[in-house]
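A.B. asks: The sequence and its predicted three-dimensional model are supplied below.
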Amino acid sequence: MILYLTSKLYMNILDFLNEKDELLIKKYVGEFSLKDFLGKSIQRLGHIETIVIDRTSLIDTGEEIIDVIKTFKQYSQMKIVFYIPEEDETLIHKLIELRIFNIITDSDVKELREEIQMCLLEGMTERYIRNKVGLLSEELKEIPFDFKGKQITIGVVGSQTRVGTTTVAIQFACYLNSIGAKVCYVEANNSGHMKLIAEHYGMEKRGEGYVYNGVVFEGMDSDNEEVFDFVVYDMGVLDEKTKIGFESCEIRVMCYSNKPHEIQSYMKCLELLNEKDYDENICNSYEIYNQYNCEDMLRYKVKQEIYKSRLENYLEYTMSKHGLKK
């Protein structure tokens with residue numbers, strides 16, 4: 001269920017969703033203090049999955065709103081969406097700092113509806129909202145690839161366990177999401193780690209999978225029929241069985257360690273692959289993780305240059321195949 005906190009002026013902007021998506025929307029119309037509303041109503045909001053907040057319905061200052069949201073995020077996993085129809089650059093920037101990217105700002109009916117659907121049905125990407133409000137870095141603006149709707153598959157395997165395969169797969173997915181791609185991470189192994197990871201980071205449950213900041217996390221048995229720009233398969237340890245799925249992926253990443261006692265596993269994987277072309281598709285996990293303490297699996301920004309460079313190299317041979325523009 002979606003709770004919509006709104007003024008009379010914008011009380012009907014979500015109505016079109018009922019016509020096609022059959023979403024249940026509960027409206028509170030009037031003027032509100034966000035602190036008072038959430039403080040008094042939070043016990044009754046257990047069945048609410050998403051709260052949409054119309055800025056024009058709030059009597060709070062921008063600073064008060066940020067303070068309330070900071071506190072609210074500490075004890076609630078509810079998805080927060082803001083509608084800010086009147087220019088409030090400071091508030092938008094502060095919300096982005098809190099990693100709230102579901103921010104609707106358009107007033108034109110067509111664009112407004114597109115942003116509503118983006119926020120409520122998919123999850124607005126960090127790249128989209130940063131670009132719209134002028135916060136997108138020059139580095140990300142220079143990403144040259146048109147990958148929309150391509151459903152490019154990325155296989156990530158490890159030479160053995162505990163070489164960072166899952167971390168690399170998740171961070172690669174998060175990086176792709178940050179540059180505007182619609183991404184799905186698939187746990188294509190039997191570890192069962194995804195559920196624990198989702199619980200740890202407070203990911204939003206959706207169907208049989210999860211959503212976090214726009215990235216969809218699912219298992220191999222998911223029946224999701226969405227079309228993604230990239231699907232990242234976390235395939236576990238490379239062996240004769242996983243090799244088949246790995247070789248079918250268009251972009252292939254193998255994680256390994258160059259520690260003396262672990263190099264043998266890496267060499268066995270190279271023999272199993274038996275192709276020189278795989279050399280450029282290899283990601284040295286020791287190189288990545290030796291330089292920082294990887295407490296947060298979602299911290300792709302620390303090493304986003306690694307993912308960016310590999311994406312640029314990998315996509316060269318897929319450009320003509322997929323019609324990618326450079």
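C.D. replies: In hand now; what should we look at? Numbering: from 1, shown residues only.
A.B. asks: Now do the strands in this protein.
C.D. replies: Along the chain, counting by DSSP state E, strands occupy 2-6, 25-29, 50-54, 79-83, 103-104, 152-158, 183-187, 204-206, 209-212, 215-219, 230-237, 251-256, 282-284.
A.B. asks: For my notes, please list the ones you listed in TSV and give mean pLDDT for each entry.
C.D. replies: Output for the strands of the chain, formatted as TSV (pLDDT from 0 to 100):
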stretch	mean pLDDT
strand 2-6	93
strand 25-29	92
strand 50-54	94
strand 79-83	94
strand 103-104	94
strand 152-158	90
strand 183-187	95
strand 204-206	86
strand 209-212	90
strand 215-219	93
strand 230-237	95
strand 251-256	85
strand 282-284	58
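A.B. asks: Serialize those to TSV and add fields for distance to Glu63 and mean neighbour count.
C.D. replies: Heads up, the C-betas are built off the backbone N, CA and C, glycines and all. Listed next are the strands of the chain as TSV, based on distance: least, Cβ to Cβ, whole Å; neighbours: other Cβ atoms under 10 Å:
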stretch	distance to Glu63	mean neighbour count
strand 2-6	19	21
strand 25-29	23	15
strand 50-54	16	22
strand 79-83	15	22
strand 103-104	17	24
strand 152-158	42	26
strand 183-187	34	26
strand 204-206	27	15
strand 209-212	27	20
strand 215-219	30	23
strand 230-237	38	24
strand 251-256	44	24
strand 282-284	43	19
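A.B. asks: Which residues lie in contact with the nearest residue to Gly207 once chain neighbours are set aside in this structure?
C.D. replies: Distances taken as Cβ to Cβ, 6 or more residues apart in numbering put Asn224 closest to Gly207, at 6.8 Å, once the chain neighbours are dropped. Shown in contact with Asn224 (Cβ atoms under 8 Å, 6 or more residues apart in numbering): 184, 207-209, 216, 218.
A.B. asks: From these, pick the one nearest Asn18.
C.D. replies: Within those, the smallest distance to Asn18 is 20.2 Å, found for Gly207 (Cβ to Cβ).
A.B. asks: Is that closest one in contact with Ser222, as I believe?
C.D. replies: Yes - using Cβ atoms under 8 Å, Gly207 makes contact with Ser222 at a distance of 7.4 Å.
A.B. asks: Let's have the strands of the chain in a markdown table, adding distance to Ile263.
C.D. replies: Supplementary listing: the strands of the chain in a markdown table, determined by distance: least, Cβ to Cβ, whole Å:
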| stretch | distance to Ile263 |
| --- | --- |
| strand 2-6 | 53 |
| strand 25-29 | 57 |
| strand 50-54 | 49 |
| strand 79-83 | 45 |
| strand 103-104 | 48 |
| strand 152-158 | 14 |
| strand 183-187 | 27 |
| strand 204-206 | 41 |
| strand 209-212 | 34 |
| strand 215-219 | 32 |
| strand 230-237 | 16 |
| strand 251-256 | 8 |
| strand 282-284 | 11 |
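A.B. asks: quick one, which of those strands is nearest to Ile170?
C.D. replies: Minimum separation from Ile170 across the strands of the chain (Cβ to Cβ) falls at strand 183-187, 6.0 Å.
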